[in-house]
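A.B. asks: sequence plus predicted model, see below.
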Amino acid sequence: MPGYKIKVAFDEEARRWYALNDAIPIALEDDALETLVQRVRAAVPEMLELNGKEHENVQLVFAV
């Protein structure tokens, strides 16, 4: 089962949360952390598939 660490941080100036991972690749932002996590979980399988990577049973670790 492939696993990916998603970097999550809060941009004080923009007042928004963002999530990044170069290996997937993915970069998303949202006003709420909970919504951001949901969006990342929904987007990752599609992005992996588009990039020819294993996209089923993917484990995500969120590092805030």
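C.D. replies: Good, I have the coordinates.
A.B. asks: same for the helix or strand encompassing Val37, what does it pack against?
C.D. replies: Secondary structure assignment for Val37, by DSSP states H and E: helix 33-50. When contacts are defined as 3 or more Cβ pairs under 8 Å, 6 or more residues apart in numbering; DSSP states H and E, helix 33-50 sits against strand 3-11, strand 16-21, strand 26-30, strand 59-63. C-beta here means a position set from N, CA and C on the backbone, and glycine is covered the same way.
A.B. asks: to Leu50, which of these lies closest?
C.D. replies: Among the helices and strands packed on helix 33-50, strand 26-30 comes nearest to Leu50, with 10.8 Å by Cβ to Cβ.
A.B. asks: may I see the buried residues of that closest one?
C.D. replies: 26, 28, 30 (16 or more other Cβ atoms under 10 Å).
A.B. asks: repeat for stretch 51-62
C.D. replies: Applying 16+ other Cβ under 10 Å to stretch 51-62 flags 55, 58, 60 as buried.
A.B. asks: what's the closest of the residues you listed to Asp11?
C.D. replies: For these, the nearest to Asp11 is Leu60 (20.8 Å; Cβ to Cβ).
A.B. asks: so what's that closest one bridging to?
C.D. replies: Here Leu60 sits in beta bridges with Tyr4, as judged by DSSP bridges.
A.B. asks: hang on, it packs against Lys7?
C.D. replies: No: Leu60 is not in contact with Lys7 according to Cβ atoms under 8 Å; the separation is 11.4 Å.
A.B. asks: and Met1, what's its pLDDT?
C.D. replies: You'll see Met1 listed with a pLDDT of 76.
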